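>>> based on what follows, work out the 3D shape:
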Amino acid sequence: MKLRIATFNLENLDFQKSNKEPTLEERIAVMRPQLQRVNADILCLQEVNGQEEVGHPRRLLALEALLKDTQYASFNRVSTVDEGGSQVYDERNLVILSRCEILEHHQYKHNFASAPLYRIVTAIANGGEEQTAKEITWERPILHAKIKVGEKVMDVINLHLKSKIPTYIPGQKLDNYTWKTASGWAEGFFISSMKRVGQALEARMLIDDLFNKTENPWIVVCGDFNSEFDDVPVEAIRGRVENTGNGELARRIMFPCEMSIPESTRFSLYHQGKGNMLDHLLVCRDMLAYYKGSEVHNELLHDESIAFATDIKFPESDHSPVIAEFEMPD
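Numbers count the residues shown, from 1 in each chain. Just a heads-up that it's a prediction; the model follows:
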(Lines give C-alpha, C1' and ligand atoms only; values in the text may rest on other atoms or scores of the structure.)
Protein backbone atom coordinates (compact mmCIF):
# COMPACT_ATOMS: atom_id res chain seq x y z
CA MET A 1 0.00 0.00 0.00
CA LYS A 2 1.47 3.34 -1.06
CA LEU A 3 1.33 5.98 1.67
CA ARG A 4 2.21 9.65 1.16
CA ILE A 5 2.75 11.79 4.25
CA ALA A 6 3.21 15.55 3.86
CA THR A 7 3.71 18.74 5.84
CA PHE A 8 2.85 22.24 4.65
CA ASN A 9 2.86 25.65 6.36
CA LEU A 10 -0.02 27.56 4.75
CA GLU A 11 1.23 30.97 6.01
CA ASN A 12 -1.66 32.46 7.95
CA LEU A 13 -4.53 30.99 5.95
CA ASP A 14 -7.44 33.32 6.71
CA PHE A 15 -10.13 35.54 5.30
CA GLN A 16 -9.07 38.92 3.98
CA LYS A 17 -8.51 41.33 6.88
CA SER A 18 -7.46 44.48 5.00
CA ASN A 19 -7.51 45.91 1.52
CA LYS A 20 -3.74 45.35 1.31
CA GLU A 21 -4.01 41.58 1.50
CA PRO A 22 -5.02 39.12 -1.23
CA THR A 23 -8.49 37.68 -0.85
CA LEU A 24 -8.96 34.09 0.24
CA GLU A 25 -10.23 33.33 -3.26
CA GLU A 26 -7.00 34.65 -4.76
CA ARG A 27 -4.98 32.50 -2.37
CA ILE A 28 -7.08 29.40 -3.07
CA ALA A 29 -6.55 29.82 -6.81
CA VAL A 30 -2.81 29.19 -6.43
CA MET A 31 -2.73 27.01 -3.30
CA ARG A 32 -5.39 24.41 -4.13
CA PRO A 33 -3.38 23.07 -7.11
CA GLN A 34 -0.37 22.79 -4.77
CA LEU A 35 -2.35 20.61 -2.37
CA GLN A 36 -3.76 18.48 -5.16
CA ARG A 37 -0.24 17.88 -6.48
CA VAL A 38 0.93 16.85 -2.99
CA ASN A 39 -1.67 14.05 -3.13
CA ALA A 40 -1.10 13.10 0.50
CA ASP A 41 -2.79 10.35 2.48
CA ILE A 42 -1.79 12.06 5.72
CA LEU A 43 -1.32 15.83 5.63
CA CYS A 44 0.02 17.98 8.49
CA LEU A 45 -0.73 21.70 8.19
CA GLN A 46 0.53 24.71 10.11
CA GLU A 47 -0.63 28.35 10.34
CA VAL A 48 -4.32 27.68 9.78
CA ASN A 49 -6.26 30.59 11.27
CA GLY A 50 -9.73 30.31 12.79
CA GLN A 51 -12.76 32.40 11.82
CA GLU A 52 -15.76 33.56 13.86
CA GLU A 53 -19.41 33.67 12.91
CA VAL A 54 -22.23 34.88 15.10
CA GLY A 55 -23.76 32.02 17.05
CA HIS A 56 -20.90 29.59 16.33
CA PRO A 57 -17.61 28.75 18.02
CA ARG A 58 -14.48 29.76 16.11
CA ARG A 59 -13.96 27.33 13.22
CA LEU A 60 -11.56 26.60 10.35
CA LEU A 61 -13.78 28.09 7.67
CA ALA A 62 -10.93 29.32 5.45
CA LEU A 63 -9.42 25.83 5.43
CA GLU A 64 -12.77 24.29 4.51
CA ALA A 65 -12.99 26.69 1.56
CA LEU A 66 -9.47 25.73 0.45
CA LEU A 67 -10.17 22.00 0.67
CA LYS A 68 -13.52 22.16 -1.11
CA ASP A 69 -13.62 20.06 -4.30
CA THR A 70 -10.35 18.31 -3.38
CA GLN A 71 -9.72 14.80 -2.09
CA TYR A 72 -9.00 16.28 1.34
CA ALA A 73 -12.56 17.51 1.84
CA SER A 74 -13.66 14.02 2.92
CA PHE A 75 -10.56 13.23 5.01
CA ASN A 76 -10.70 12.71 8.75
CA ARG A 77 -9.51 15.88 10.49
CA VAL A 78 -8.26 16.99 13.90
CA SER A 79 -6.83 20.32 14.99
CA THR A 80 -5.54 22.20 18.00
CA VAL A 81 -8.15 23.89 20.19
CA ASP A 82 -7.88 26.69 22.73
CA GLU A 83 -7.51 26.19 26.46
CA GLY A 84 -11.28 25.95 26.90
CA GLY A 85 -11.48 23.15 24.33
CA SER A 86 -14.60 24.54 22.64
CA GLN A 87 -13.07 26.24 19.60
CA VAL A 88 -9.90 26.57 17.58
CA TYR A 89 -7.32 29.29 18.16
CA ASP A 90 -7.63 32.63 16.40
CA GLU A 91 -4.27 32.14 14.68
CA ARG A 92 -1.76 29.44 13.74
CA ASN A 93 -3.68 26.26 14.42
CA LEU A 94 -2.15 22.88 13.66
CA VAL A 95 -4.25 20.47 11.59
CA ILE A 96 -3.86 16.79 10.70
CA LEU A 97 -5.87 15.43 7.75
CA SER A 98 -5.94 11.69 7.12
CA ARG A 99 -7.47 9.35 4.58
CA CYS A 100 -6.99 6.64 7.21
CA GLU A 101 -8.96 6.42 10.43
CA ILE A 102 -7.84 8.68 13.28
CA LEU A 103 -8.26 6.62 16.43
CA GLU A 104 -7.51 9.39 18.95
CA HIS A 105 -5.72 12.70 19.20
CA HIS A 106 -4.14 14.87 21.89
CA GLN A 107 -2.37 18.18 22.23
CA TYR A 108 0.48 18.93 24.61
CA LYS A 109 1.84 22.15 26.04
CA HIS A 110 4.08 21.71 29.09
CA ASN A 111 2.68 18.22 29.68
CA PHE A 112 6.17 16.73 29.47
CA ALA A 113 8.44 19.77 29.90
CA SER A 114 7.57 22.47 32.43
CA ALA A 115 7.92 26.12 31.44
CA PRO A 116 11.40 27.33 32.46
CA LEU A 117 11.81 30.42 34.65
CA TYR A 118 13.89 33.29 33.29
CA ARG A 119 14.66 36.81 34.53
CA ILE A 120 14.92 39.41 31.77
CA VAL A 121 18.14 41.39 32.12
CA THR A 122 17.87 44.19 29.52
CA ALA A 123 14.31 45.44 30.14
CA ILE A 124 14.00 49.20 30.59
CA ALA A 125 11.01 49.50 32.90
CA ASN A 126 10.01 50.31 36.46
CA GLY A 127 12.81 52.82 36.84
CA GLY A 128 15.44 50.18 36.13
CA GLU A 129 14.29 47.91 38.95
CA GLU A 130 15.33 44.28 38.78
CA GLN A 131 12.78 42.09 37.00
CA THR A 132 11.46 38.94 38.68
CA ALA A 133 11.83 35.60 36.94
CA LYS A 134 8.79 34.60 34.85
CA GLU A 135 7.76 31.46 33.00
CA ILE A 136 8.86 31.17 29.37
CA THR A 137 6.01 29.31 27.70
CA TRP A 138 5.72 27.91 24.18
CA GLU A 139 3.45 29.80 21.78
CA ARG A 140 1.71 26.71 20.36
CA PRO A 141 0.89 23.20 21.57
CA ILE A 142 2.01 19.96 19.94
CA LEU A 143 -0.69 18.05 18.03
CA HIS A 144 -0.53 14.24 18.18
CA ALA A 145 -2.80 11.76 16.39
CA LYS A 146 -2.91 7.98 16.42
CA ILE A 147 -3.82 6.84 12.90
CA LYS A 148 -4.70 3.31 11.82
CA VAL A 149 -2.59 2.34 8.82
CA GLY A 150 -3.45 -1.20 7.80
CA GLU A 151 -3.07 -3.33 10.92
CA LYS A 152 -0.62 -0.90 12.51
CA VAL A 153 -1.16 2.29 14.52
CA MET A 154 1.01 5.22 13.44
CA ASP A 155 1.78 8.11 15.82
CA VAL A 156 1.78 11.35 13.84
CA ILE A 157 3.12 14.46 15.60
CA ASN A 158 2.57 17.92 14.09
CA LEU A 159 4.84 20.77 15.26
CA HIS A 160 5.26 24.47 14.68
CA LEU A 161 8.25 25.68 16.69
CA LYS A 162 8.87 29.32 17.59
CA SER A 163 10.24 31.49 14.80
CA LYS A 164 13.61 33.23 15.02
CA ILE A 165 11.89 36.60 15.41
CA PRO A 166 13.11 38.03 18.75
CA THR A 167 10.66 37.99 21.65
CA TYR A 168 9.48 41.41 22.87
CA ILE A 169 11.55 42.93 25.69
CA PRO A 170 9.82 45.74 27.67
CA GLY A 171 11.27 49.13 26.86
CA GLN A 172 13.64 47.84 24.19
CA LYS A 173 11.65 48.66 21.02
CA LEU A 174 11.44 52.06 19.33
CA ASP A 175 8.71 50.71 17.03
CA ASN A 176 7.62 47.36 15.59
CA TYR A 177 10.74 47.07 13.46
CA THR A 178 13.40 48.96 15.42
CA TRP A 179 15.26 47.89 18.56
CA LYS A 180 16.63 50.45 21.00
CA THR A 181 19.80 48.47 21.77
CA ALA A 182 21.66 45.50 20.31
CA SER A 183 21.59 43.90 23.76
CA GLY A 184 17.80 44.07 23.83
CA TRP A 185 17.61 42.40 20.39
CA ALA A 186 20.08 39.74 21.53
CA GLU A 187 18.05 38.89 24.62
CA GLY A 188 14.84 38.75 22.59
CA PHE A 189 16.56 36.38 20.16
CA PHE A 190 17.82 34.27 23.06
CA ILE A 191 14.33 33.93 24.56
CA SER A 192 12.90 32.90 21.17
CA SER A 193 15.64 30.27 20.94
CA MET A 194 14.74 29.05 24.41
CA LYS A 195 11.10 28.62 23.35
CA ARG A 196 12.08 26.81 20.16
CA VAL A 197 14.49 24.39 21.82
CA GLY A 198 12.17 23.92 24.80
CA GLN A 199 9.28 22.78 22.64
CA ALA A 200 11.65 20.51 20.71
CA LEU A 201 12.62 18.99 24.05
CA GLU A 202 8.95 18.40 24.86
CA ALA A 203 8.46 16.74 21.47
CA ARG A 204 11.45 14.47 22.12
CA MET A 205 10.06 13.57 25.55
CA LEU A 206 6.75 12.65 23.86
CA ILE A 207 8.65 10.46 21.37
CA ASP A 208 10.48 8.68 24.19
CA ASP A 209 7.19 8.18 26.02
CA LEU A 210 5.74 6.50 22.91
CA PHE A 211 8.79 4.21 22.68
CA ASN A 212 8.41 3.35 26.36
CA LYS A 213 4.72 2.44 26.00
CA THR A 214 4.71 0.63 22.64
CA GLU A 215 6.93 -2.08 21.22
CA ASN A 216 8.34 -1.05 17.84
CA PRO A 217 6.09 2.01 17.31
CA TRP A 218 5.73 3.82 14.00
CA ILE A 219 6.38 7.50 14.71
CA VAL A 220 6.32 10.44 12.29
CA VAL A 221 7.12 14.03 13.28
CA CYS A 222 6.08 16.70 10.77
CA GLY A 223 6.02 20.46 10.74
CA ASP A 224 7.66 23.84 10.56
CA PHE A 225 10.65 23.62 12.90
CA ASN A 226 12.04 27.07 12.01
CA SER A 227 15.40 25.28 12.13
CA GLU A 228 17.76 23.55 9.72
CA PHE A 229 18.21 19.78 10.13
CA ASP A 230 21.52 20.24 11.99
CA ASP A 231 20.30 23.05 14.29
CA VAL A 232 19.75 22.31 17.99
CA PRO A 233 15.92 21.88 17.90
CA VAL A 234 16.07 19.26 15.13
CA GLU A 235 19.08 17.57 16.71
CA ALA A 236 17.15 17.34 19.99
CA ILE A 237 14.29 15.54 18.25
CA ARG A 238 16.54 13.30 16.15
CA GLY A 239 18.32 11.80 19.19
CA ARG A 240 21.37 10.68 17.23
CA VAL A 241 23.81 8.26 18.85
CA GLU A 242 26.58 10.71 17.88
CA ASN A 243 25.03 13.09 20.41
CA THR A 244 23.88 10.72 23.16
CA GLY A 245 26.90 8.41 22.97
CA ASN A 246 24.54 5.55 23.84
CA GLY A 247 24.26 2.76 21.26
CA GLU A 248 21.32 1.23 23.12
CA LEU A 249 19.24 4.21 21.94
CA ALA A 250 19.89 3.52 18.24
CA ARG A 251 16.37 2.14 17.70
CA ARG A 252 14.96 5.46 18.95
CA ILE A 253 16.60 7.85 16.50
CA MET A 254 14.43 9.90 14.14
CA PHE A 255 15.52 10.22 10.50
CA PRO A 256 14.96 13.48 8.51
CA CYS A 257 13.50 12.23 5.24
CA GLU A 258 14.82 15.24 3.29
CA MET A 259 18.32 13.77 3.63
CA SER A 260 17.53 11.70 0.53
CA ILE A 261 16.81 14.86 -1.49
CA PRO A 262 19.83 16.33 -3.38
CA GLU A 263 21.35 19.18 -1.39
CA SER A 264 20.97 21.62 -4.30
CA THR A 265 17.16 21.33 -4.11
CA ARG A 266 16.84 20.72 -0.38
CA PHE A 267 15.06 23.89 0.78
CA SER A 268 11.50 24.79 1.77
CA LEU A 269 11.82 28.57 2.27
CA TYR A 270 13.85 31.40 0.75
CA HIS A 271 15.26 34.15 2.95
CA GLN A 272 17.48 36.92 1.58
CA GLY A 273 18.36 34.86 -1.46
CA LYS A 274 19.29 31.71 0.44
CA GLY A 275 17.32 28.49 0.50
CA ASN A 276 16.54 27.16 3.98
CA MET A 277 15.16 23.75 4.93
CA LEU A 278 12.89 24.69 7.84
CA ASP A 279 10.06 22.21 7.23
CA HIS A 280 10.84 18.63 8.15
CA LEU A 281 9.39 15.15 8.15
CA LEU A 282 11.18 12.76 10.52
CA VAL A 283 10.44 9.06 10.90
CA CYS A 284 11.60 6.36 13.28
CA ARG A 285 14.12 3.76 12.16
CA ASP A 286 11.57 0.95 11.75
CA MET A 287 9.67 2.96 9.11
CA LEU A 288 12.80 3.22 6.94
CA ALA A 289 12.11 -0.36 5.82
CA TYR A 290 9.18 1.03 3.81
CA TYR A 291 10.61 4.42 2.83
CA LYS A 292 10.82 5.13 -0.91
CA GLY A 293 11.77 8.78 -1.18
CA SER A 294 10.94 12.42 -0.55
CA GLU A 295 9.86 15.48 -2.49
CA VAL A 296 9.92 19.21 -1.78
CA HIS A 297 7.75 21.22 -4.16
CA ASN A 298 9.83 24.40 -4.27
CA GLU A 299 9.96 25.10 -8.01
CA LEU A 300 7.81 28.25 -7.70
CA LEU A 301 8.95 29.29 -4.23
CA HIS A 302 9.42 33.06 -3.87
CA ASP A 303 11.64 35.08 -1.54
CA GLU A 304 9.36 37.09 0.72
CA SER A 305 12.31 38.93 2.29
CA ILE A 306 13.24 40.88 -0.86
CA ALA A 307 11.91 44.29 -1.80
CA PHE A 308 8.38 44.47 -3.23
CA ALA A 309 7.64 40.82 -2.38
CA THR A 310 4.21 41.51 -0.89
CA ASP A 311 1.43 38.98 -0.30
CA ILE A 312 -0.57 40.74 -3.02
CA LYS A 313 2.05 39.70 -5.57
CA PHE A 314 2.63 36.30 -3.96
CA PRO A 315 -0.66 35.07 -2.45
CA GLU A 316 0.68 31.52 -2.09
CA SER A 317 2.52 30.38 1.03
CA ASP A 318 6.17 31.31 1.50
CA HIS A 319 6.83 27.67 2.47
CA SER A 320 6.97 24.61 0.23
CA PRO A 321 5.18 21.31 0.88
CA VAL A 322 7.47 18.46 1.93
CA ILE A 323 6.37 14.88 1.17
CA ALA A 324 7.69 11.44 2.07
CA GLU A 325 6.42 8.31 0.32
CA PHE A 326 6.28 4.80 1.76
CA GLU A 327 5.29 1.37 0.45
CA MET A 328 3.57 -0.04 3.52
CA PRO A 329 2.79 -3.72 4.09
CA ASP A 330 -0.80 -4.68 3.27
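
>>> okay, and Gly188 sits in which element?
helix 182-213 (DSSP states H and E).

>>> the helix or strand following that helix vs helix 182-213, what angle?
Toward the C-terminal end, the helix or strand that comes next after helix 182-213 (DSSP H and E) is strand 218-224. Counting by axes from the mean of the first three to the mean of the last three C-alpha atoms, to 10 degrees, strand 218-224 points 160 degrees away from the direction of helix 182-213.

>>> what's next to strand 218-224, contact-wise?
5-7, 9, 42, 44, 46-47, 94, 149, 152-161, 203, 207, 210-211, 237, 254, 278-284, 286-287, 319, 322 (C-beta atoms under 8 Å, 6 or more residues apart in numbering). Bear in mind the C-beta positions are built from the backbone N, C-alpha and C, glycine included.

>>> flag the shaky bits of the stretch 201-330 of the chain, pLDDT-wise.
307-309 (pLDDT under 70).

>>> quick one: the helices in it?
232-238, 241-244 (DSSP state H, counting those that start in this stretch).

>>> now do the stretch 51-200 of the chain
61-67, 182-213.

>>> right, and these - which one's nearest Glu295?
helix 61-67 (20.5 Å; C-beta to C-beta).

>>> shouldn't Glu187 be in contact with Thr122?
Yes: the criterion here is C-beta atoms under 8 Å, and Glu187 meets it with Thr122 at 4.7 Å.

>>> quick revisit: can I get the helices of the stretch 51-200 of the chain in TSV with distance to Tyr89 and mean neighbour count?
As requested, these are exported to TSV (distance: least, C-beta to C-beta, whole Å; neighbours: other C-beta atoms under 10 Å):
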stretch	distance to Tyr89	mean neighbour count
helix 61-67	13	19
helix 182-213	16	18
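
>>> centre of the chain to the helix holding Gly188, how far?
Relative to its chain's centre, helix 182-213 lies at 13 Å (C-alpha atoms, centre = their mean, to the nearest Å).

>>> relative to Leu3, how far out is the residue nearest to Glu325 when sequence neighbours are not counted?
Spatial nearest neighbour of Glu325, excluding adjacent residues (C-beta to C-beta, 6 or more residues apart in numbering): Lys292 at 4.7 Å. Separation of Lys292 from Leu3 (C-beta to C-beta, to the nearest Å): 10 Å.

>>> list residues touching both of the two?
Shared contacts of Lys292 and Leu3, defined by C-beta under 8 Å, 6+ apart, comprise 325-327.

>>> top of those by neighbour count?
Phe326 (24 neighbours; other C-beta atoms under 10 Å).

>>> my guess is that one meets Ala6, correct?
No: Phe326 lies out of contact with Ala6 (C-beta under 8 Å); the separation is 11.8 Å.

>>> what sits in contact with each of the two?
Joint contacts of Phe326 and Ala6 (C-beta under 8 Å, 6+ apart) do not exist.

>>> coming back round to it: among the shared contacts of Lys292 and Leu3, which lie within strands?
325-327 (DSSP state E).

>>> and the residues you listed as CSV, adding distance to Pro141?
Listed next are these as CSV, based on distance: C-beta to C-beta, whole Å:
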residue, distance to Pro141
Glu325, 28
Phe326, 27
Glu327, 32
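
>>> follow-up on the earlier one: so which of Lys292 and Leu3 has more stuff around it?
Leu3 (20 against 12).

>>> and Val322, how far from Asp208?
24 Å.

>>> swap in Pro262?
On the measure of C-beta to C-beta, Pro262 and Asp208 end up 32 Å apart.

>>> do Gly247 as well
Applying C-beta to C-beta to Gly247 and Asp208 gives a distance of 16 Å.

>>> got it, and Leu278?
24 Å.

>>> same check on Asp155?
For Asp155 relative to Asp208 (C-beta to C-beta), the value is 12 Å.

>>> now Ile261
Distance from Ile261 to Asp208, by C-beta to C-beta: 27 Å.

>>> now Arg58
Distance of Arg58 to Asp208, computed by C-beta to C-beta: 34 Å.

>>> the longest strand seen in the chain pairs with which strands, parallel or anti?
The single longest strand within the chain, with elements called by DSSP E, is strand 2-13. Strand 2-13 pairs in its sheet with strand 42-48 (parallel), strand 322-327 (antiparallel), by DSSP bridges.
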